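1. no sequence on this one, just coordinates:
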Ligand code: XIL
């Protein structure tokens, strides 16, 4: 073989292997790289599922959920209004399917939520004496947490018990049962499902006054010997007012209590808020006005970039404190599914998540992923 022939075959081998390498890389990117795989050594990456997802109605959404997420939360179907619509009547059809979905896909299954003042069935508001309300709460927790015992990885035991100033919300539970209802709820949940991690969940508890209230509440529970494993910071934030310092302070202060922190309902609104709302009180609604819905047809590139940058900032912070964080769950699968199209003003077009209306990854998705694959 002369020199010319040898060098020709050598360069052919080189070209071929370079080609194979390129193919392998893009194959890996398409198959292996996803949020859950990129963050597998850091924390769980979750999403909230609507009924359509639990019933696997849309093939593309179903594939996306399985590819990207390893934790799920039921957006509505485990709330008392749906699962316990009338005294002594439970509707477990969707909740059973939800739990099965998580199990068959080896996902971390969250229960949301056992005790909450919102989305209660109407009969609860008609209960006039404390004993009957206590019976409702007890039976509700025993039945729901008991049915899924060993299958739910963590329960949001009590949701949104605090006011913005850190005092206890005057909910139907506080009014009739007194502040001890929170402890009772945790004790009941621990008994009904001893294996589940038990969380207190709320919005705005990263803000100083409400955080202080949450810390007091958790300390009291701990002092009385109640099992509490973590705190859920909902994370309904805005690209305009995101406060990283508050979030970091909260991670440090909550973790100093010896509990885990989960970001349980993450979304970043890109729309103007009526009062520059930073909360998530589901009972608040405001007037529809065109200026409050500026991106009806599409999200400008500049805002898309701001969204990506805010998510980058957030995930950098999450990574910095990954030893204290158990899970980051997005409140919805894609922009079309997001509750923020209807809250706090109905009929708007919002873009708060990582996947767009066609279920395609957005710039923000790539930004969150790049934090892990760029290294
Ligand atoms: C929201 C759901 O996303 C909506 O579909 C529903 O209409 C109202 O509730 N805090 C919570 C969640 O703990 O359960 C709420 O979910 C959002 C605020």
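-> Perfect, thanks for sending it. Keep in mind it's a predicted model, so treat the numbers as computed, not measured. Numbering: from 1, shown residues only.

2. residues of stretch 314-323 that come out buried?
-> Across stretch 314-323, burial judged by 16 or more other Cβ atoms under 10 Å covers 314-315, 317-318, 321. Glycine gets a C-beta too; all of them are placed from N, C-alpha and C.

3. to clarify, my last question referred to stretch 92-111.
-> 92, 94-95, 97-99, 101-102, 107-111.

4. filter the residues you listed down to the ones close to the ligand.
-> Among the buried residues of stretch 92-111, no residue sits close to the ligand (Cβ under 6 Å from any ligand atom).

5. what's the farthest-apart pair in the residues you listed?
-> In the buried residues of stretch 92-111, two members sit farther apart than any others by Cβ to Cβ. They are 92 and 108, at 20.6 Å.

6. dump the residue contacts of residue 306.
-> Contacts for residue 306 (Cβ atoms under 8 Å, 6 or more residues apart in numbering) come out as 239, 270.

7. separation between the closest residue to the ligand within the chain and residue 269?
-> Residue of the chain nearest the ligand, by Cβ to the nearest ligand atom: residue 339 (3.4 Å). Here the criterion is Cβ to Cβ, to the nearest Å. By it, residue 339 lies 11 Å from residue 269.

8. and if you look at residue 168?
-> With Cβ to Cβ as the criterion, residue 168 and residue 269 are 27 Å apart.

9. break down the stretch 1-150 of the chain into its strands, ranges please.
-> 44-49, 71-74, 108-115 (DSSP state E, counting those that start in this stretch).

10. between the ones you listed, which gets nearest to residue 354?
-> Across the strands of the stretch 1-150 of the chain, closest to residue 354 is strand 44-49 (Cβ to Cβ), at 9.5 Å.

11. mind giving me the packing neighbours of the closest one?
-> If contacts are counted by 3 or more Cβ pairs under 8 Å, 6 or more residues apart in numbering; DSSP states H and E, strand 44-49 sits against helix 35-38, helix 59-68, strand 71-74, strand 108-115, strand 325-330.

12. the third one packs against which elements?
-> It stands for strand 71-74. Checking 3+ Cβ pairs under 8 Å, 6+ apart, strand 71-74 ends up next to strand 44-49, helix 93-104, strand 108-115, strand 325-330.

13. pLDDT averaged over it - what is it?
-> In this model, strand 71-74 has a mean pLDDT of 99.

14. who does that strand pair up with?
-> The pairing partners recorded for strand 71-74 under DSSP bridges are strand 44-49 (parallel), strand 108-115 (parallel).

15. the helices in the stretch 101-250 of the chain, which residues?
-> Secondary structure of the stretch 101-250 of the chain (DSSP state H, counting those that start in this stretch): helices located at 122-126, 130-147, 172-177, 180-192, 208-223, 244-255.

16. closest to residue 70 out of those helices?
-> Across those, closest to residue 70 is helix 244-255 (Cβ to Cβ), at 21.2 Å.

17. what's the first helix or strand after the closest one?
-> strand 260-269 (DSSP states H and E).

18. so how far is the following helix or strand past that following strand from its chain's centroid?
-> For strand 260-269, the succeeding helix or strand toward the C-terminus, using DSSP H and E, is helix 301-320. Taking the mean of its C-alpha atoms, helix 301-320 sits 17 Å from the chain's own mean (Cα atoms, centre = their mean, to the nearest Å).

19. stretch 164-175 too?
-> Centre to centre, stretch against its chain (Cα atoms, centre = their mean), the figure for stretch 164-175 is 23 Å.

20. my guess is residue 111 meets residue 148, correct?
-> Yes: counting by Cβ atoms under 8 Å, residue 111 does reach residue 148; the two are 6.6 Å apart.

21. reformat the strands paired with strand 71-74 as a markdown table; add mean pLDDT.
-> Below are these laid out as a markdown table (pLDDT from 0 to 100):
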| stretch | mean pLDDT |
| --- | --- |
| strand 44-49 | 98 |
| strand 108-115 | 98 |
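
22. could the ones you listed be laid out in TSV, adding distance to residue 172?
-> As requested, those are arranged in TSV below (distance: least, Cβ to Cβ, whole Å):
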stretch	distance to residue 172
strand 44-49	25
strand 108-115	10
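
23. minimum distance to residue 273: which of those has it?
-> strand 44-49 (20.7 Å).

24. next, the angle from that closest one to strand 325-330.
-> 30 degrees (axes from the mean of the first three to the mean of the last three Cα atoms, to 10 degrees).

25. tell me the buried residues in strand 44-49?
-> Buried, per 16+ other Cβ under 10 Å, within strand 44-49: 44-49.

26. try stretch 164-173
-> 166, 168-169, 171, 173.

27. what is the mean pLDDT for it?
-> For stretch 164-173, the per-residue pLDDT averages 98.
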